[in-house]
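In: Here is a sequence together with a model predicted from it:
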Amino acid sequence: MIHWNVSPELLSIGSFSIRWYGLLFAISFVLGFRIVQKMFAAEKVSEKHLDPLFIYMIVGTIGGARVGHCLFYEPEIYLADPIRILKVWEGGLASHGAAIGIFFALFLYCRKHRLSWLWLVDRLCITVALAGGFIRLGNLFNSEILGKPAELPWSFVFTRIDAIPRHPTQLYESLGYFAAFALLYRLYWSGKGKRQGYLFGLFLMLIFGSRFVWEFFKENQVAFESSLPLNMGQLLSVPLVALGAFLFARAARAPQAPGRS
């Protein structure tokens with residue numbers, strides 16, 4: 001088994017520090033920007049859309065992830081003291097909240113720029129899958145979102161937390177998201193994912209379907225989840241997988257791919 005005792009901080013100079021999580025988060029956005037830039041160039045979409053698009057993406061991701069955590073996992077704390085929602089540095093981000101935040105931010109963006117929302121999310125979901133892989137690696141460096149105890153050759157002992165060998169669920173999810181990214185990216189450039197909703201539907205099924213499975217190997221994040229038939233991550237994943245199946249099936253039956261606007 002692997003004894004994991006990596007510091008969350010990559011570099012620290014006085015009061016200034018760079019954390020692995022923040023670095024990996026930033027890398028995911030830089031790579032995502034380049035991928036979308038390449039897509040837009042191939043489809044002859046003006047690059048003037050890119051800078052405001054990624055501002056919407058960043059705000060939607062961080063804002064949605066923070067609000068999602070506060071409402072889904074610890075509502076009694078944050079509703080009693082709403083100002084704490086703004087204290088992002090205290091920790092607490094939820095991927096389901098990030099997804100909702102991104103979808104809403106892109107709705108506002110498409111409404112302003114008169115673009116098809118479904119056309120845009122078909123492309124951006126590819127970069128979101130990539131970002132998910134990097135963010136779960138950041139969770140690994142933070143020794144957070146722990147797996148359940150397991151006696152396996154690849155078990156991790158997070159020595160900053162305890163001495164228990166556990167499933168490295170951060171790696172399970174990260175590898176799954178990177179694999180989803182590779183598939184979606186290949187489908188886009190092969191031309192097989194041109195029907196609106198095809199890639200986005202597949203993204204929802206792959207990402208949140210795998211999330212549902214990996215939750216069985218994780219420790220619950222908050223105490224009240226122990227009284228639920230499924231944990232919060234699984235309950236939030238079910239409607240997104242169902243939506244993905246609907247979009248994918250509808251796109252598969254469509255005769256052709258409509259335009260972007």
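Out: Alright, I've got the coordinates. Remember, it's a predicted structure, so these values are computed and weren't measured experimentally.

In: where does the residue most central in space within the chain land on pLDDT?
Out: With distances taken as C-alpha atoms, centre = their mean, the residue of the chain nearest its centroid is residue 132 (4.0 Å). On the pLDDT scale, residue 132 is placed at 91.

In: now it: how far from residue 184?
Out: 12 Å (C-beta to C-beta, to the nearest Å). All C-beta atoms are positioned from the backbone trio N, CA, C, and that covers glycine.

In: if we can go back for a sec, surely the residue nearest to the centre of the chain and residue 210 touch.
Out: No. Taking contacts as C-beta atoms under 8 Å, residue 132 lies outside contact range of residue 210: 10.0 Å.

In: Now for the two: what residues contact both?
Out: By C-beta atoms under 8 Å, 6 or more residues apart in numbering, residue 132 and residue 210 have these common neighbours: 173, 177.

In: Quick check on residue 177: phi, psi?
Out: The phi and psi torsions at residue 177 (degrees, to the nearest 10) take the values phi -70, psi -40.

In: got the residue ranges for the helices in the stretch 151-261 of the chain?
Out: For the stretch 151-261 of the chain, the helices defined by DSSP state H, counting those that start in this stretch cover 169-190, 198-214, 232-253.

In: Quick one: work out the angle between the last one and helix 198-214.
Out: The directions of helix 232-253 and helix 198-214 differ by 150 degrees, with axes from the mean of the first three to the mean of the last three C-alpha atoms, to 10 degrees as the criterion.

In: for the first one, same thing?
Out: Using the same axes, to 10 degrees, one finds that helix 169-190 and helix 198-214 are set 160 degrees apart in direction.

In: Give the rounded mean pLDDT of helix 169-190.
Out: Rounded mean pLDDT across helix 169-190 is 95.

In: I'd like the distance from whatever helix or strand the residue nearest to the centre of the chain lives in to the chain centre, please.
Out: Residue 132 is part of helix 117-141 when elements are defined by DSSP states H and E. Here the centre of mass of C-alpha atoms in helix 117-141, compared against the chain's by C-alpha atoms, centre = their mean, to the nearest Å, lies 5 Å away.

In: Stretch 2-17 now?
Out: 23 Å.

In: cool, stretch 106-119 as well?
Out: For stretch 106-119, the separation from the chain centroid amounts to 20 Å (computed by C-alpha atoms, centre = their mean).

In: C-alpha coordinates for it, PDB please?
Out: C-alpha atoms of stretch 106-119 as PDB (Å, rounded to 0.1, in the frame of the first residue of the first chain):
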ATOM      1  CA  LEU A 106     -23.800  29.500 -19.900                       C
ATOM      2  CA  PHE A 107     -27.600  30.100 -20.200                       C
ATOM      3  CA  LEU A 108     -27.000  33.800 -19.300                       C
ATOM      4  CA  TYR A 109     -24.000  33.900 -21.700                       C
ATOM      5  CA  CYS A 110     -25.900  32.300 -24.600                       C
ATOM      6  CA  ARG A 111     -28.900  34.600 -24.000                       C
ATOM      7  CA  LYS A 112     -26.600  37.700 -24.200                       C
ATOM      8  CA  HIS A 113     -24.700  36.500 -27.300                       C
ATOM      9  CA  ARG A 114     -27.600  34.700 -29.000                       C
ATOM     10  CA  LEU A 115     -26.000  31.300 -29.200                       C
ATOM     11  CA  SER A 116     -27.600  27.900 -28.800                       C
ATOM     12  CA  TRP A 117     -27.100  26.800 -25.200                       C
ATOM     13  CA  LEU A 118     -27.100  23.100 -26.200                       C
ATOM     14  CA  TRP A 119     -24.600  23.700 -29.000                       C
END
